[in-house]
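In: Build me a model:
(chains A, B, C and D)
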Number of protein chains: 2
Amino acid sequence: MESDTRQRMIETAAVVMRERGVEATSFSEVIARSGAPRGSIYHHFPGGKAQLIEEATRYAGEYTASSIANALWQDDPIAAIRAASATWLKLLRKSDFGAGCPVVAASLDPTQPSGAREAAGEAFSRWQRALAEALEPHVLEPERARSLATLIISSIEGAVVLSRATRSLTPLERVAAELEGLLAGAITR
Amino acid sequence: MESDTRQRMIETAAVVMRERGVEATSFSEVIARSGAPRGSIYHHFPGGKAQLIEEATRYAGEYTASSIANALWQDDPIAAIRAASATWLKLLRKSDFGAGCPVVAASLDPTQPSGAREAAGEAFSRWQRALAEALEPHVLEPERARSLATLIISSIEGAVVLSRATRSLTPLERVAAELEGLLAGAITR
DNA sequence: GTCTATACGAAGATAGAC
DNA sequence: GTCTATCTTCGTATAGAC
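Out: All right, here's what the predicted structure looks like:
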């Protein structure tokens, strides 16, 4: 199946991006890790590296959007935050602080112009919107739901950066605890 | 003066890092922007690029640490947060969302091993500690001061990432507003 | 301290055979 | 769809003159 190799390359690219960033996500690395054949790169991705990175960013953005929607569908917002931080803590531990967020990596792509940066922006917007919509029934003002959603996404992404840099789970643990407390106070029913 | 060229290269490297990341911070770029002479690179930085990036990271980390200490010395914590977000908003606007945090960039350096990543971790730790110490007199528990400090640093760094990616000041504005409200509630006197 | 020249390797991309 | 070979560009780094 052709789309099998193709999809494997996209998912591998997202993994390398999360570990080492966009620039270090070379074809050689993706080929080596995915087992995909060298000769078919430009068959699957005629747009070259830019296309691969952009598709990997969209894939990662949608994957996370689904996870967020899923968590919010079966839990209240506080439990969803707790689940999200638990997932991140597990990944940081498992990767020995080697893995971060592929969408953050894409947002820092220095290429010009960069479809990856745009895709990252769209992903962040979607995540914020989904979270804000879930919070809206629980708070007094819709604008409060939006600002809480933005704070949650921003602080978790930032905490992952700090945790990786300091090689410590503490930043993310502290942020998760503060967010839970803040939400508990802000939610009316 | 020899240290003049050297210092100019360090500061230029920090600027390029904040705009385009560590990997894209090439000697060619630093030379072009700083006006430093090509031939003296390895005279000033015998450790090559790794040394330049590491020194630029330390420089940026200490520069920001001073700014934080300064703001906390002459203002209360809430005013300091407001000043910090104003500074970031101005930079984002002025750079048309082209500039982020050089320490975040350093923390994502894929090089192995990376003195820049370590320097970034130390910078984040220092900033958190300074902020926590300033908050401690205002809250009931020292641990609360620490978790608030971590939330503040993480969420601002994260919001800068989101603002750049979405090319909008809104994420940072929302985060700043939420942080102010949270601090107002957490501070006892 | 600074110059020029150059070695070396990595990576993206293309061409043409099978 | 996949292979091999090759081109080109770029970036780090070194050597040796001035």
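In: Output the longest helix belonging to chain A.
Out: With residue count as the measure and DSSP state H as the assignment, chain A has helix A:48-74 as its longest helix.
In: Check whether that one comes into contact with chain B.
Out: No: judged by CB under 8 Å from any CB of the partner chain, helix A:48-74 stays clear of chain B, getting no closer than 10.3 Å. All C-beta atoms are positioned from the backbone trio N, CA, C, and that covers glycine.
In: Show me what that helix is packed against.
Out: In terms of contact count using 3 or more CB pairs under 8 Å, 6 or more residues apart in numbering or on different chains; DSSP states H and E, helix A:48-74 is assigned the packing partners helix A:2-20, helix A:27-34, helix A:77-94, helix A:102-107, helix A:115-135.
In: So which bits of it are buried?
Out: Using 16 or more other CB atoms under 10 Å in any protein chain shown as the test for burial, helix A:48-74 gives A:49-50, A:52-61, A:64-65, A:68-69, A:71-72.
In: Over to stretch A:119-131?
Out: Along stretch A:119-131, the positions that meet the burial threshold by neighbour count (16+ other CB under 10 Å) are A:119-128, A:130-131.
In: that older thread, now the helices and strands packed on helix A:48-74 as JSON lines including distance to DNA strand C and mean pLDDT?
Out: Written out in JSON lines, the entries for the helices and strands packed on helix A:48-74 read as follows (distance: least, CB to the nearest atom of the strand, whole Å; pLDDT from 0 to 100):
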{"stretch": "helix A:2-20", "distance to DNA strand C": "10", "mean pLDDT": "94"}
{"stretch": "helix A:27-34", "distance to DNA strand C": "4", "mean pLDDT": "97"}
{"stretch": "helix A:77-94", "distance to DNA strand C": "24", "mean pLDDT": "98"}
{"stretch": "helix A:102-107", "distance to DNA strand C": "14", "mean pLDDT": "98"}
{"stretch": "helix A:115-135", "distance to DNA strand C": "12", "mean pLDDT": "98"}
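In: and A:I78, what is it in contact with?
Out: If a contact means CB atoms under 8 Å, 6 or more residues apart in numbering or on different chains, then A:I78 has A:180, A:183-184, A:187 as its contacts.
In: Output those residues as CSV; include the columns pLDDT, neighbour count and distance to A:S163.
Out: Formatted as CSV, the contacts of A:I78 follow (pLDDT from 0 to 100; neighbours: other CB atoms under 10 Å in any protein chain shown; distance: CB to CB, whole Å):
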residue, pLDDT, neighbour count, distance to A:S163
A:E180, 98, 16, 17
A:L183, 98, 20, 21
A:A184, 97, 10, 23
A:I187, 93, 15, 26
